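A.B. asks: this is the structure alone, sequence omitted:
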């Protein structure tokens, strides 16, 4: 297949920042792209060959995009799966496959799938309704505390809650859910796996999420994780196993916990480029976005090693500010060696909105970590 | 000044591959861009906020673009300088300045400028007409052989010729020219200098052009150049001196010779991102294209060091092929670690047309050089 400066067309469902960073790579390779997003103001409005406005959950919108392209991919999971299934049935290449997307979309299905495939994950129970969960808590079959997760619709921490007492149960929404045993862990880790249509598979180095000591928010995504080599090998091995089990094509971001006993437990997966892989643009031989393109077009996968240590800091809208965005002190952080801001292209900031990220690269991890903290303490995403 | 996701607009004269690689950076920073190019099919037709078709040598076209933007830059030198001068007079920021562009555009002026500023360059004589040159050759004031250069209009080796005998003179075009003494050299080198509007200045490492042993064509651009550290320091020092002398703002690519006696002589300069800096996208902490943006917007300059060794191979249309392009064996080179093709987005190939480039990066220069040769011998730019 000839992809480069040809009539070949790649469709992308979703035109947010992940799509925008995919477009950087399709432009580099001069691959034509058709993108659809609900917002006419989406970050992908520039850089695509054609950009359409439409709802990703709408059957006809997805079918229409799919029928204009040769290969279809996603940058967000919440898309109309029935349309993807219909397209696949017609012989269209859809990566990741709607079957995998369906398994991943529901966290109950995800957990069941790990058990069926001997993939280590925290013990859990699945409940069709909130009432069913409540009655098992009442009769003592589920012990407090536990982690409640809605099986569908969660994102960025929504749909997840630690339940410590009976009152906590009362504020949960009415929905299918799981109750997961709380496992004390040393580290939250992630591994990105790339798997191509013909089955070539590679994992990226393990990254580590460093949390703010009080706020319990991820502050830094650090590559490579500061963990023992044998733990790192185990984590990469399990991540490969997960990708193979799903028969996944494209990128799969595998989030996991390193327990106090150095067990690796899968938390959840995302079937696309992922926040935990943004560091790769500056630090890796092959960025996650280029790798995604390589995988879904069945091109050879690129080297996943890093050239240098990389740390990523998210730029999120500061509390108390809404409206036209200002990146305060951005010039100050740009004066520091190895600091690259990525601005996603959203005009309006809101509290906690993901507006961009900053990558810090350095030959030396300790130095990179010091600079990352300086960056975090300097730049502010506020409004006019 | 607030550039990021703001109303600020950068104008770019020229929409070719250099412009396209600048747009990758303006997209990363979400800076608005207005681009004009003679071809509606130019590589910059995607990725710019607005793209206009128009002649870059047309006064009104340049004036119109300039009056819509806050800062104006170029990706090609052959633009209407009178319009740039008028815009500058109106207070518009134009980088590089039309004054510098005028000095650089004419190779006679370039040479005179080096002499006036004590910048080492090969001895030369300047002639208003071909006839004037011929008569000095005849009367023995200019010795054969020498290098003839048209003072204006040359590009990619056009407008340059080695004159070995009287017959060679007869095929030269009627134009202002210089005759330059032929100096045997060990190496052809280049240094890219970035200088910001407020005068911050940085040089990139020295790169080396490796020529094909028979064809006398540049085959590889290699960074860092395989030369002694003291030669490298001297070359970077002279390059900084040239940029300062021109009071240049933006990128200046300084091409030079290392003579048999290890003198450094300036050959010529280009006031923009340059083929000799393409390696920087993958190899450097700050790519030349990001650096150009930083310089002309008076942002702090980024680190010019390399993360790894980098080699660049141009992808030019093969002789005997014209029409819709095919990159034969591109999958084979993509299977090799550290190999990244850049496809400029020209649908039609022609003999010797610049269609793209390939960067090879590796921790080890010897390994990079071996892979570069493999790339060169594998990929072919042909037509359907």
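C.D. replies: Looks like it arrived, so ask away. Bear in mind the structure is a predicted one, so any value in this text is a computation, not a measurement.
A.B. asks: the closest residue to chain B within the stretch 51-200 of chain A: neighbour count?
C.D. replies: Nearest to chain B in the stretch 51-200 of chain A, going by CB to the nearest CB, is residue A:200, at a distance of 9.4 Å. Every residue, glycine included, has its C-beta placed from N, CA and C. Using other CB atoms under 10 Å in any protein chain shown, residue A:200 has 15 other residues around it.
A.B. asks: correct me, but it touches residue A:299?
C.D. replies: No. Residue A:200 is beyond contact range of residue A:299, at 9.4 Å (criterion: CB atoms under 8 Å).
A.B. asks: now the residue lying closest to residue A:45 once chain neighbours are set aside: which helix or strand?
C.D. replies: Spatial nearest neighbour of residue A:45, excluding adjacent residues (CB to CB, 6 or more residues apart in numbering or on different chains): residue A:51 at 5.3 Å. Under the criterion of DSSP states H and E, residue A:51 resides in strand A:50-53.
A.B. asks: let me see the mean pLDDT of the helix or strand just after that strand.
C.D. replies: Following strand A:50-53 in sequence order, the next helix or strand is helix A:59-68 (DSSP H and E). Mean pLDDT, helix A:59-68: 98.
A.B. asks: which strands and helices sit next to helix A:59-68?
C.D. replies: Other elements packing on helix A:59-68 under the criterion 3 or more CB pairs under 8 Å, 6 or more residues apart in numbering or on different chains; DSSP states H and E are strand A:9-13, strand A:32-37, helix A:81-89.
A.B. asks: doesn't residue A:176 make contact with residue A:149?
C.D. replies: No. In this structure, residue A:149 is not within contact of residue A:176 by CB under 8 Å, at 9.9 Å.
A.B. asks: the more surrounded of the two?
C.D. replies: Ranked by neighbour count (other CB under 10 Å), residue A:149 and residue A:176 place residue A:149 first, with 24 against 19.
A.B. asks: and the more buried one, that one's in a strand?
C.D. replies: Yes. The assignment for residue A:149 is a strand, going by DSSP: H, G, I helix; E, B strand; the rest coil.
A.B. asks: in the sheet, who's paired with it?
C.D. replies: In this structure, residue A:149 bridges to residue A:160, residue A:178 when assessed by DSSP bridges.
A.B. asks: so, low pLDDT: which residues of the stretch 151-300 of chain A?
C.D. replies: A:154-157 (pLDDT under 70).
A.B. asks: how about the contacts made by the residue in it positioned nearest to chain B?
C.D. replies: Closest approach between the stretch 151-300 of chain A and chain B, counting by CB to the nearest CB: residue A:300, at 3.6 Å. For residue A:300, the contact set (CB atoms under 8 Å, 6 or more residues apart in numbering or on different chains) comprises A:196, A:200, A:294, B:331, B:334-335.
A.B. asks: please name the nearest non-neighbouring residue to residue A:57.
C.D. replies: residue A:80 is the one closest to residue A:57 (CB to CB, 6+ apart), at 5.3 Å.
A.B. asks: for the one you found, what are its contacts?
C.D. replies: So residue A:80 contacts A:56-59, A:61-62 (CB under 8 Å, 6+ apart).
A.B. asks: most neighbours among the residues you listed, please name it.
C.D. replies: Compared across those, residue A:62 has the highest neighbour count, 27 neighbours, by other CB under 10 Å.
A.B. asks: got the domain ranges for chain A?
C.D. replies: Following the assignment in automatic domain parsing, chain A carries domains at A:9-94, A:123-181, A:185-383.
A.B. asks: the contacts of residue A:80: which two are farthest apart?
C.D. replies: Longest distance between any two of the contacts of residue A:80 is 10.6 Å, between A:56 and A:59; criterion CB to CB.
A.B. asks: around chain B, which positions in the stretch 151-300 of chain A sit nearby?
C.D. replies: Taking CB under 8 Å from any CB of the partner chain as the contact definition, the stretch 151-300 of chain A meets chain B at A:285-286, A:290, A:294, A:299-300.
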